[in-house]
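[1] Here you go, sequence then predicted model.
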Amino acid sequence: MSSTALDAALADIDTIFNGFASPHETGCGHCHAPEETAYLRTPYVQIPVDVVRYYLFEVPDHFDDHAAAMRRLLPQAARAMTDGSLGSIGYGCHGLTRVDWRSWPAEQAAAIEAFLHAWWQDALTRPEPPYGIDDIFDTCATIAGTVTPFLAGWGRSPVADAHLAQCTDNWLYDLLSDYSPFSWWYDDSVDSGLADLRTWLAGPGAARLRAQGEPDLAIRAELLALPYDERWAHPYWDSASATN
């Protein structure tokens, strides 16, 4: 069962985006079947989940009005993102990262932001969420254009701590080499997002990892505070090689 906060956020998405459509949508004649495009023009009709999945990750120039199509998809897309019926996430650029949803009417933008936070909080309580915890973080952060609220909201519990260790282990592979662990975050906010993630992992994140009995991960996370050359010249790597 999902949390009360997530249920409320999904209900708000249902209410606020109910009845939206892209009335003049013609779609891409090469990629979109006419009956699929018709769903985008028609409000109040349930869209097959495979069509939701397809359009949610489609490139914007295949739509006449990409933002309107995303509004049309949102109620079903949000539920599929939380219950696992979307199949997978993280394999492509999510449609909400390609629209300026923060410029939408305040009620709409607030509903999306509340949904992302509630989804993340709910995922942290689940030992096995419907998707990989790092994929959920990636999706939330890239849609929001920031990592800060999701790091700040990383609760403390055995399950949340285990998710922190897993995400850190996955992220460090890229972060230590100054690469991005986010596959589909391209816009101008990615640099500040990466800086915020490195700072948090090297400080509060490392402290939490050490406290939960993950000293190796903690040390590697702390290395993110060092310049690149100093990071790789650190004595840790000699001791790590000897241990392994």
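    Ah, there it is.

[2] Can you report how many residues neighbour Ala69?
    Neighbour count of Ala69, defined by other C-beta atoms under 10 Å: 27. (C-beta placed from N, C-alpha, C; glycine too.)

[3] Check which helices and strands the helix or strand hosting it sits against.
    Taking DSSP states H and E as the definition, one finds Ala69 inside helix 66-83. Contact partners of helix 66-83 among helices and strands, from 3 or more C-beta pairs under 8 Å, 6 or more residues apart in numbering; DSSP states H and E: helix 4-16, helix 34-41, helix 49-56, helix 106-124.

[4] which strands and helices sit next to the first one?
    Under the contact definition 3+ C-beta pairs under 8 Å, 6+ apart, helix 4-16 sits against helix 66-83, helix 106-124.

[5] Could you single out the most deeply buried of these?
    Mean neighbour counts were compared across these using mean count of other C-beta atoms under 10 Å; the top stretch is helix 66-83, at a mean of 22.

[6] Which among the helices and strands packed on helix 4-16 is found nearest to Leu224?
    helix 106-124 (21.9 Å; C-beta to C-beta).

[7] what angle sits between the very next helix or strand once past the closest one and helix 106-124?
    If you walk from helix 106-124 toward the C-terminus, the next helix or strand you reach (DSSP H and E) is helix 133-144. Going by axes from the mean of the first three to the mean of the last three C-alpha atoms, to 10 degrees, helix 133-144 is angled at 170 degrees with respect to helix 106-124.

[8] Give me the average confidence score over helix 133-144.
    Averaged across helix 133-144, the pLDDT comes to 96.

[9] what comes up buried for whichever helix or strand comes after it?
    On the C-terminal side of helix 133-144, the closest following helix or strand by DSSP H and E is helix 148-152. For helix 148-152, a neighbour-count test (16 or more other C-beta atoms under 10 Å) marks 150-151 as buried.

[10] Tabulate the helices and strands packed on helix 66-83 in TSV, adding columns for mean pLDDT and distance to Pro75.
    What follows is those, written out as TSV (pLDDT from 0 to 100; distance: least, C-beta to C-beta, whole Å):
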stretch	mean pLDDT	distance to Pro75
helix 4-16	97	5
helix 34-41	94	13
helix 49-56	93	10
helix 106-124	98	10
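
[11] hang on, the earlier thing: same list, the helices and strands packed on helix 4-16, but as JSON lines with distance to Gly203 please.
    Conversion of the helices and strands packed on helix 4-16 to JSON lines gives the following (distance: least, C-beta to C-beta, whole Å):
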{"stretch": "helix 66-83", "distance to Gly203": "30"}
{"stretch": "helix 106-124", "distance to Gly203": "20"}
